Every structure is written in structure tokens, then in C-alpha cells.
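*Asks:* Pasting the sequence and the predicted coordinates here, then a few questions.
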Amino acid sequence: MAENIAEQMSEAMREVSVAEFFEKNRHLLGYENPTKALITVVKELLDNSLDAANEADMLPDIKINVEQKKTEVKSEEYLFSWSKVPGDDERNLRNFLKKQFNLDWIENAKITNDGEKIRLFSDKNWIELSIGRKKEKVIVNTSNKKTFKLKIKTEANELIVYQLITNEVLEDKFKVTIVDNGPGIREDKVPYAFGKLLYGSKFYRLRQSRGIQGLGGHGAVLYSQLTTGKSAKITTSLGKKIHYFEIMIDVEKNEPQVIVHETRDNPDGWHGLKLELELEGRYIEGKQSITEYVEQTHMANPYASITFEGPNGKVVYKRLISEMPKQPVEIKPHPYGVELGVLRRMINATNTKNIATFFAKEFSRVGKGSALQILKAAGVDPKKKPQDVLHEETERIHKAIQRVKLIAPPTDCLSPLGEKLMEKGLKKDTGAEFVAAVTRPPSVYRGNPFLVEVAMGYGGSIPADQTAQLFRFANKVPLLYHQSDCVIADATKEVDFRRYGLSQPSSSLPVGPLVILVHFASVWVPFTSEGKQAIANYPEILKEIKLAIQDAGRELGSYVRHQVKQREIRLRKELFEKYVPELAESLAKLTDKSKEKIIRDLEKIIRDKDTKKIAGGEGEKTGAAEKEVKNEGEKKEGELNEKGNEKGTGSEKEPEEAGQ
């Protein structure tokens, strides 16, 4: 019995393709519900277009169109019974003809019915309704040669005339089209670029980019195919011929199916990509919407021109700067971030002559001296062939790596937003009165270099009675969902904003006219899922985000305290001005001087002396003291960070305590 069951179970076993897995688990890619699915499709396609333009060092010009599909629904509406005109249904007929032909004379026209024809007429005009031969339609003719048809049916021996009405009904399906001016895709790679999951060029590269896994665009095509059964339409060109494809994914094999491939002339020399998908979705505006995603994307990529046209109109995000950001450089893996299994695989796959050369060639920040130091600590002969290294020796090498001090990974693989760009973007998009921006020095987690940037916008048109808004970015991509699962939110809540003059409920974001932008840049962003909406909580990452927020927070606190001081000065001044007339009257009685002259003198004192003394002298002292505190805090934080980054970790002592 058990043997039979085992045989049956063995026969049922088969390989599951990646496409088949994600078809059943589409929520892992961000397609959890119709609203989020539509946003995810736009997100993935927009990210791909920006990445392509960045790699080609081209200023992006991207057009996105989201069109809701409509269905024509035809219905019949009762107009009149043929035998009741003239009579009970005469008014229905007059009203219909008056509305249909916009003719006022019908209201008072005479009407006759000989059984075959109904006639409405005046001295100069007429309209005639006649029954067709098969008694299926009524033909309407007018004296000004207009023709119209109505439907007629026989019901209970009565001829009933109906009007055919066509209504457009909005579907829960959308057509998403994106067009960019990037470099395009070579025609032989197009089917795989969109029809084979986990196929791409970025997975093995260690450099900052928006997409990494080879799932984004493919997932959008898969979702479109799953919900509508229609193929993806792709048009691309490198500047010569235009290639048009219609592609679907063979889910069981995870292979592309090319339905159509046409080659077309390209007289204008266009280069880029156009992708059209039809899919189920739900369109909203406001929070967690396509418009919010596009707006935040432009905030982090102001060198891009993005045009978005949706069901409610068009929005154009103009290019704010005409300079492309510095391109990140690809680096080799750092030994601190390599797991034992990966190290073993790399050793088996290398073609180097000995294990010492392997380390110097395959890793970053490992020279001949460092390689010999690692191997000596592990007790392994440096001249040994990599393929001859035993598993036990690999384990010793892996442990020795952690004990040897190595230089941190290079950071030219990262492309930060920059403080000026963040200030400009945040002021424009939020209307903030004051912006403090900070870019932290690069750090390391699991051998992967990363850096954190923070910008805080305060005052202006930002609502003062609401919880601060948190903008989260990973490699210049907005993160709209799963905020509570993200290390950025955790780190922000752990910072004490009361030190900076803001109110803050326990374990929450601060309350006040404040927006906080946090950008995490790395060669490998540790997302919590394939949907790429939240960053995992690594201690090194949490610490750096807190330090960046605190750096910007000190600048913000200085500004807030200065504003409070100025407000107090204004209140004192207004209070003094309020009693100037009474004071002047009393002084006039005591000194026998003119009251008007005393008022002028008092106002001059307020304007030229007291205000200047309080606002200038005390303000300068306050600003100097705050600057001194800030500089001292930054100095001590730098020392803490330098110590902590020797091997990617460090002391968790609060920098604010050091600063104060």
C-alpha cells in the first residue's frame, strides 16, 4: 500500500517554471489588488525606461498613457404605439422628434396616420414616418432631406416603435502605453527581455540601478496576459529599422512566444521603446496612486521629462535640470559580504592558477598582501589550485576573512541624489519654506556599499496640523506601500524630533508642517519581498538612516528655534506698540513735550534700536552657538561612524548625545 502511494507521489512530481510560480503568486510581484496592480505596471515600465536612459547617458523623455477601456452597450427605449398616434402616445412622438431634429415647429404641427404612414406637417415643413416592408423598422424622412431609422416590433397585435440607444460603459480594464527615447533593445533580445522571467542584464552586476531581479517588466507582461489573455505589443528601434512585436509568455516553459514580428522603415531615425499592455485594474488619484508615484519619481529624477495622461487629464513634469547624474561604476564583490556557499561556488568556477590570485582577481579591495594574510590565518597554502581546496579549508578561509581587516568597498558604484537636487525638488513639489538636506558618507552592510540621504522640508504650504509626510526612495525609486514594514519608517520613528522643536507622539512620526525625504542607495537593496516596496531592517542600515535624519534635524531645529525667537520678538514689539499712545500721553504730561513727537521718537526706538539689537545681536549669538553644537556633534558622529565602518558595523551610541 505504502509502495503504491509512493509510486503515485513520484509520478506526480514535476518541475515548476518560474513563470508558473509567479502566475499563481502574483501578489509577490505587487499585483495584490486591481488598484495596486495598475500602479505596479506603470512603476515597472517607468523604472525600466529611466534605467535605459541612464545607462545610455541620455536625458529621458518619457510619455505614459493610461486609458480606461469602454464598451458600447445598446438598448431599446419605448417611444410609442403606432395605433396610438394621434392619441395617447402623440406627446411622446412630438417630444422625440423635437429633440432629435431640434425643430420648434413640431410642437404645433398637424398629425395624421393612415395606418402605413404617420405625417406631421405645417405650412412649410413636414416629417413622415413609414413602416418598412418587413415591419422591422420605421423610416423617418423630413422636408429638409434628413433621414432616421427606428425599430418596430409586433407585440400583442400592436406595432410598437422603439428608439435604439448606445451607451458607453467603463470597464475594469485599462490600456497602458509607455514611450521613451532610450537606446532601444536589439531585436533578437526583445522576446527574452519581456517574455522570460529572471532574464536580464543587472542581476550579476554590483552597481546601483533601479531594476535588478529581471522580474519587473516580465511581471507586467505576465499580469496583462493573465487578466486579459492579450499579448504585449512592443515597438523598438536602435535608430535604424523599427521592429514591432506581439509577445506572450509560455507559462509552463517560461519561454517567450512571438505572435507577430514585423520590420518597418524608420525615416525619422527614432530610437527607443514603446510598450502597450491591456490589463485589469482600478484607477484612483491621491495617496498611493499613479499620479503620486510619477510626481515622486520626478522629484528624485528632475533631469527627466515625464508626461502622464490618465482618465482625468494630462500632467507634464518638465525637466528641471539638463545635466545627467554621474553614472555608477560596476564593482566586484567584497569579501565581507560573501556567504560560505557562494565562496565555494566561486572557488570551483574560477580559472585562476592559485587561491591567492583568485582572491586578488575576483574580489574588490583585496591585494596580494591581504590575500596572503587571509590564507595564512586560514592555514591554506597560497599556491594551492582553487579546485583542490577542500570544503573544510573553504570554511576556514571564510572565517579568516572576517578576522582580517580590509578596506571598505569602493563607493563609485553609487549615484546619490545630492543635497542641492533634493533641496530643489522638495521645495518645488511641497512648497516648503525651509529645506535641510544631508548626504551621509557611504557605509557597508554584508559587504555591500550603501549611502543614505535625507531632506526635510518645513513650513510654507505644508499643513501644520497633520502627521509629517514620509517620502521613501530606494535607488531613486519611490516606495508607496508597506511603510510600516520598512526600516526607513522604523528609523524615523526612533528619532526624537522634540529636540528639534516639534511635537511627536510615542513611537510615531512627528506632527507639524514637515515632510521627510529619505533616499537609500546601494548596489543591492535588501527588499523584504519581490514587490520591492519596503527595505529590510539591517542594524547598519537603521543606524545610518537615524544618523542622517539627526544631521538634518539639527539644521531644522536651528531654523525652528530661530522662528520661535522671531515670533517672540514680534509679539513683544506688537505689545510695546500697543501701549505707545498711552505711554506718550503720560510722558507728555510729565515733560510738557508734544505727544505726537514722543510717539515718533518711541516708534523710532522700536524700529532702529530695540528690534535690531534683539533680532541681530541675540540671533547671531544663537546661530553661532547652534553651529558650534552641530559641528561638534558631526565631529563625534564621524568618529563613531569611522570606528563602526571598519568592518561594516559600529557602536550604536546616539549621535545626539555626542553632539550635546
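*Replies:* Sure thing, it's come through.
*Asks:* could you pull out the strands for the stretch 351-500 of the chain?
*Replies:* Remark: strands assigned in the stretch 351-500 of the chain by DSSP state E, counting those that start in this stretch are 434-439, 443-445, 448-458, 469-474, 477-478.
*Asks:* Tell me where the stretch 1-150 of the chain has helices.
*Replies:* In the stretch 1-150 of the chain, the helices defined using DSSP state H, counting those that start in this stretch lie at 2-12, 18-24, 34-55, 90-101.
*Asks:* do the same with the stretch 501-650 of the chain
*Replies:* 539-591, 595-605, 611-612, 619-644.
*Asks:* right, and the helix or strand after the helix or strand hosting D172?
*Replies:* Counting by DSSP states H and E, the element that carries D172 is strand 158-180. Toward the C-terminus, strand 158-180 is succeeded by helix 190-195 as the next helix or strand (DSSP H and E).
*Asks:* name the helices or strands packed onto that next one?
*Replies:* Packing partners of helix 190-195 (3 or more CB pairs under 8 Å, 6 or more residues apart in numbering; DSSP states H and E): helix 216-228, strand 232-238, strand 242-250, strand 255-264. In this view, the C-beta of every residue, glycine as well, is placed from N, C-alpha and C.
*Asks:* Recalculate using a threshold of 6 Å.
*Replies:* In terms of contacts (3 or more CB pairs under 6 Å, 6 or more residues apart in numbering; DSSP states H and E), helix 190-195 is packed against strand 242-250, strand 255-264.
*Asks:* coming back round to it: okay, the strands of the stretch 351-500 of the chain in TSV with mean pLDDT next?
*Replies:* Shown next, in TSV, are the strands of the stretch 351-500 of the chain (pLDDT from 0 to 100):
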stretch	mean pLDDT
strand 434-439	94
strand 443-445	84
strand 448-458	92
strand 469-474	94
strand 477-478	92
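*Asks:* Of these, which is nearest K145?
*Replies:* strand 477-478 (60.1 Å; CB to CB).
*Asks:* Now tell me what touches the closest one from outside.
*Replies:* D47, R210, Y293, Q296, T297 (CB atoms under 6 Å, 6 or more residues apart in numbering).
*Asks:* so how far is it from its chain's centroid?
*Replies:* Centroid separation between strand 477-478 and its chain, computed with CA atoms, centre = their mean, to the nearest Å, is 4 Å.
*Asks:* what are the pairing partners of that strand, and which direction each?
*Replies:* Strand 477-478 sits in its sheet next to strand 469-474 (antiparallel), going by DSSP bridges.
*Asks:* Quick one, which of the helices and strands packed on helix 190-195 gets closest to E585.
*Replies:* strand 242-250 (87.6 Å).
*Asks:* ok, the closest one: who's next to it in the sheet?
*Replies:* Checking strand 242-250 against DSSP bridges gives partners strand 232-238 (antiparallel), strand 255-264 (antiparallel).
*Asks:* Any chance of JSON lines for those, columns mean pLDDT?
*Replies:* Shown next, in JSON lines, are the strands paired with strand 242-250 (pLDDT from 0 to 100):
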{"stretch": "strand 232-238", "mean pLDDT": "96"}
{"stretch": "strand 255-264", "mean pLDDT": "95"}
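*Asks:* Let's have the ones you listed in JSON lines, adding distance to R94 and mean neighbour count.
*Replies:* Below are the strands paired with strand 242-250 laid out as JSON lines (distance: least, CB to CB, whole Å; neighbours: other CB atoms under 10 Å):
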{"stretch": "strand 232-238", "distance to R94": "51", "mean neighbour count": "21"}
{"stretch": "strand 255-264", "distance to R94": "54", "mean neighbour count": "13"}
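*Asks:* any chance of those in a markdown table, plus distance to K151?
*Replies:* Conversion of the strands paired with strand 242-250 to a markdown table gives the following (distance: least, CB to CB, whole Å):
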| stretch | distance to K151 |
| --- | --- |
| strand 232-238 | 38 |
| strand 255-264 | 40 |
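*Asks:* which one of the ones you listed lies closest to K137?
*Replies:* strand 232-238 (39.9 Å).
*Asks:* residues in contact with the closest one?
*Replies:* 184-185, 190, 194, 221, 243-247, 266, 270-271, 273-277.
*Asks:* okay, the angle between it and strand 158-180?
*Replies:* 40 degrees (axes from the mean of the first three to the mean of the last three CA atoms, to 10 degrees).
*Asks:* picking up where we left off before, and of the strands of the stretch 351-500 of the chain, who's closest to A349?
*Replies:* In terms of CB to CB, the element of the strands of the stretch 351-500 of the chain nearest to A349 is strand 448-458, at 20.9 Å.
*Asks:* next structured bit after the host helix or strand of Y293?
*Replies:* If you go by DSSP H and E, Y293 is part of helix 290-300. Next helix or strand after helix 290-300 toward the C-terminus (DSSP H and E): strand 305-310.
*Asks:* Can you give the distance of that following strand from its chain's centre?
*Replies:* Averaging C-alpha positions (CA atoms, centre = their mean) puts strand 305-310 13 Å from its chain's average.
*Asks:* now do stretch 60-72
*Replies:* 17 Å.
*Asks:* Mind checking the pLDDT average for that stretch?
*Replies:* Predicted confidence along stretch 60-72 averages 92 (mean pLDDT).
*Asks:* Next: stretch 487-494.
*Replies:* Here stretch 487-494 scores 95 as its mean pLDDT.
*Asks:* how about that stretch: buried residues?
*Replies:* In terms of neighbour count (16 or more other CB atoms under 10 Å), stretch 487-494 has its buried residues at V487, I488, A489, D490, A491, T492, K493.
*Asks:* Out of those, which is nearest to S130?
*Replies:* Looking across the buried residues of stretch 487-494 and measuring by CB to CB, the closest to S130 is A489, at 73.9 Å.
*Asks:* Chain neighbours aside, what residue packs nearest to the closest one?
*Replies:* Leaving aside its chain neighbours, A489 sits nearest to Q483 (4.9 Å; criterion: CB to CB, 6 or more residues apart in numbering).
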